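K.L.:
sequence unknown, structure follows:
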């Protein structure tokens, strides 16, 4: 099982709809989780951290399910500008391929919001 | 404040030539990472620097790749005898001291390397 896995998509969603996607991780000792957004030919930018209790930022809600080892991102009332690739990132232990206390990234889920 | 900066933004080189990529992290960030991202692919970890500790080089794909960092500032990634498969975007990220901050990383705009 890969360390961090995401459905690559693309997810084609009409404007205004709600969309959700998950990211599974294999290391049960992982402590920190993040969602990054990456626009075409741009660098990843931190979207939000994922806390144990879940967190919400405007139209975006992130949740963590430790028992099943996945994190989720839900986008409500989607906008055309939400079209991007969403990367999940999970902290890794030293030697785990991400650098000490580094992050292991999924390959991303491609989201396309259609007018 | 200023974010992570990288230079050059684009680099086209001939196969077999050496290239040097530069990263200026956010001031005060002690941790610095290099990643490679091939077209349509995910982020591939290359190397990690933390303060004065020995760097974690476990992600470097071959001995043609090396990186240095001066103290807690500028880092350079060097690729010797470039090959076409080295063509990718090379991303640098920095992070505050892990004792005082969570693990989120902040990325530079990347250097797009094309080997012809």
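P.N.:
Here it is on my side, so go on. Here the structure is a predicted model, which is why all the values come from computation and not from measurement.

K.L.:
Run through the residues of chain B sitting next to chain A.
P.N.:
Counting by CB under 8 Å from any CB of the partner chain, chain B comes close to chain A at B:31, B:33, B:35, B:41-43, B:45, B:47-48, B:50, B:56, B:58-59, B:91, B:98, B:102-110. All C-beta atoms are positioned from the backbone trio N, CA, C, and that covers glycine.

K.L.:
among those residues, which are in strands?
P.N.:
Of the positions in these, B:31, B:33, B:35, B:43, B:45, B:47-48, B:50, B:91, B:106-107 sit in strands, assigned by DSSP state E.

K.L.:
for chain A, which spans come out with low pLDDT?
P.N.:
A:1, A:92-101 (pLDDT under 70).

K.L.:
try 90 this time
P.N.:
A:1-3, A:27-32, A:41, A:49, A:51-54, A:91-104 (pLDDT under 90).

K.L.:
so what's the most centrally placed residue in it closest to, chain neighbours aside?
P.N.:
Chain A has residue A:88 as the residue nearest its centroid, 3.3 Å off, counting by CA atoms, centre = their mean. The spatially closest residue to residue A:88, leaving aside those adjacent along the chain, is residue A:23, at 3.4 Å (CB to CB, 6 or more residues apart in numbering or on different chains).

K.L.:
Assign that neighbour to one of the three secondary structure states.
P.N.:
Under DSSP: H, G, I helix; E, B strand; the rest coil, the three-state class of residue A:23 is strand.

K.L.:
Low-confidence stretches in chain B?
P.N.:
Judged by pLDDT under 90, the stretches of chain B that qualify are B:1-2, B:28-31, B:39-42, B:50-56, B:58, B:70-73, B:95-105.

K.L.:
Could you give the bridge partners of residue B:91?
P.N.:
On the basis of DSSP bridges, residue B:91 takes part in beta bridges with residue B:35.

K.L.:
can you pull the contacts of it?
P.N.:
Listed by CB atoms under 8 Å, 6 or more residues apart in numbering or on different chains, the contact partners of residue B:91 are A:43-44, B:6, B:34-37, B:43, B:107-108, B:110.

K.L.:
Let's see that with 6 Å instead.
P.N.:
With contacts defined as CB atoms under 6 Å, 6 or more residues apart in numbering or on different chains, residue B:91 is in contact with A:43, B:35, B:107, B:110.

K.L.:
what's the nearest residue to the first one if we skip its chain neighbours?
P.N.:
Going back to what we said before, that points to residue A:43. residue B:107 (4.1 Å).

K.L.:
count of residues packed around the one you found?
P.N.:
22 (other CB atoms under 10 Å in any protein chain shown).

K.L.:
Just the buried residues of stretch A:81-88, please?
P.N.:
Across stretch A:81-88, burial judged by 16 or more other CB atoms under 10 Å in any protein chain shown covers A:82-88.
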